[in-house]
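S.K.: The following comprises the amino acid sequence and a computationally predicted model.
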There are 2 protein chains.
Amino acid sequence: MAQDLTMKDGDTPMFDVVFDVKAKAVGKMRAEMTVEAIQPFQSVNHLAIDEGPFQGGEGTAPTPLEFFLTGLAGCLMVQIKSFGKKMRVQIDGLDVQLKAKWEAHKGVHVPYIGAPVSFDIMVDVDSPASEAEIQHLVKAAQLGCFVEQTMSQVNSIGHSVRKSGGDWVALD
Amino acid sequence: MAQDLTMKDGDTPMFDVVFDVKAKAVGKMRAEMTVEAIQPFQSVNHLAIDEGPFQGGEGTAPTPLEFFLTGLAGCLMVQIKSFGKKMRVQIDGLDVQLKAKWEAHKGVHVPYIGAPVSFDIMVDVDSPASEAEIQHLVKAAQLGCFVEQTMSQVNSIGHSVRKSGGDWVALD
């Protein structure tokens, strides 16, 4: 019988991962971020996004989708390497290709509605381990990759809005 | 009756968004990416991720989760500004805070399993528009933000694996 890789060992989390991002819009489309890791380690990084002329930006930094896709591919890669060590699967080389597609549909009450179409990841591993071990490792890495796990469920994203220093209002 | 903002105007997409990312693992955890936009515009950007010592990396670049969260916050911000222009809602200032939390659960057959817990976005707008207009704009921007739309559905992510130049195998 195939192992159920999603089986959890106990109910208590091993560790929490908590981030706090503060971002300010500057210029046409550019935004500057302070990204603070709060758990399980502490760090502060500064990142900026922009859009190119297609979206009215000035191209001073990569676009949000480029950051998102870099996060997705990178998350799986570090998980393969990290879990490879923990599971004693030697990884001598690792190349990943990620193809992503979305559609924008014209809305009746909004300018357009984004719709994800497909995400395909090709994992090219150089290793003395067996094919079965590599496949098990990649499946395990998917479960350990927080970005893939986020994309594999419906997430309720809370939104609050405040206008000109007024009261915060939670959106439906 | 409240407007259904998710209503689409016709079945044909206005435009497609297609990206192709190629990434190579270098060093302990670092990976270097070539991020190519294929549609609706063409561009090539180079980005790198790393992990800090907690994950066995060397901290030469931000982590995948930092890129992911920058993509999420940035996506909504550019959409608010872009849709603000299209919907004629003046935005004089825009600050966003994003709080994100995941848990890692100990697995039986894998080292751990990532589990998203919460994502909360606070949107602080300076604008002469009415509160209702701002709230409508932020709701519209959520629908136009490709990252939020991706996180709001279950995505099937395809994985293929190849070992040491052998044949490609599609994972279940």
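M.R.: Here it is on my side, so go on.
S.K.: looking at it, A:Val138 is touching B:His159, isn't it?
M.R.: Yes - the pair A:Val138 / B:His159 is scored as a contact, 6.4 Å apart, by Cβ atoms under 8 Å. (Each C-beta comes from the backbone N, C-alpha and C, glycine too.)
S.K.: So the two - more neighbours on which side?
M.R.: Between A:Val138 and B:His159, counted using other Cβ atoms under 10 Å in any protein chain shown, the more crowded position is A:Val138 (24 against 20).
S.K.: How about the helix or strand hosting the more buried one and chain B, touching?
M.R.: Assigned by DSSP states H and E, A:Val138 belongs to helix A:131-144. Yes - on the criterion Cβ under 8 Å from any Cβ of the partner chain, helix A:131-144 is in touch with chain B at A:131, A:134-135, A:138-140, A:142-144.
S.K.: Can you work out which residues contact both of A:Val138 and B:His159?
M.R.: A:123, B:171 (Cβ atoms under 8 Å, 6 or more residues apart in numbering or on different chains).
S.K.: Which residue ranges of chain A form helices?
M.R.: Ranges of helices within chain A are A:64-86, A:131-144, A:146-151, based on DSSP state H.
S.K.: any idea of the angle the first one forms with helix B:64-86?
M.R.: So the one you mean is helix A:64-86. For helix A:64-86 against helix B:64-86, the angle by axes from the mean of the first three to the mean of the last three Cα atoms, to 10 degrees is 170 degrees.
S.K.: and helix A:64-86, does that touch chain B?
M.R.: Yes - using Cβ under 8 Å from any Cβ, helix A:64-86 comes into contact with chain B via A:64-75, A:77-78, A:81-83, A:85-86.
S.K.: where does chain A dip in pLDDT?
M.R.: A:1-2 (pLDDT under 70).
S.K.: Just give me the residue closest to the centre of it.
M.R.: The centroid of chain A falls nearest to A:Val147 when counting by Cα atoms, centre = their mean (3.8 Å).
S.K.: Mind checking which of the residues of helix A:64-86 next to chain B are buried?
M.R.: By neighbour count, with 16 or more other Cβ atoms under 10 Å in any protein chain shown, those hold A:64-75, A:77-78, A:81-83 as buried.
S.K.: okay but A:Asp4 is in contact with B:Val110, surely?
M.R.: No - with contact defined as Cβ under 8 Å, A:Asp4 does not reach B:Val110; the gap is 10.3 Å.
S.K.: Of these two, which one has the most company?
M.R.: Per other Cβ under 10 Å, whichever of A:Asp4 and B:Val110 has more neighbours is B:Val110, with 26 against 9.
S.K.: What separation is there between that one and B:Ser160?
M.R.: Shown here: B:Val110 relative to B:Ser160, a distance of 20 Å by Cβ to Cβ, to the nearest Å.
S.K.: List the residues that contact the residue nearest to A:Gly71 when sequence neighbours are not counted.
M.R.: Once flanking residues are discounted, A:Gly71 sits nearest to B:Phe68: 3.2 Å by Cβ to Cβ, 6 or more residues apart in numbering or on different chains. Residues in contact with B:Phe68 (Cβ under 8 Å, 6+ apart) are A:67-68, A:71-72, A:75, A:146-147, A:150.
S.K.: And the strands in chain A?
M.R.: Remark: strands assigned in chain A by DSSP state E are A:15-25, A:31-39, A:43-49, A:93-106, A:112-126, A:157-163, A:169-170.
S.K.: The fourth one: which residues count as buried?
M.R.: The one in question is strand A:93-106. For strand A:93-106, the neighbour count (16+ other Cβ under 10 Å) marks A:94-106 as buried.
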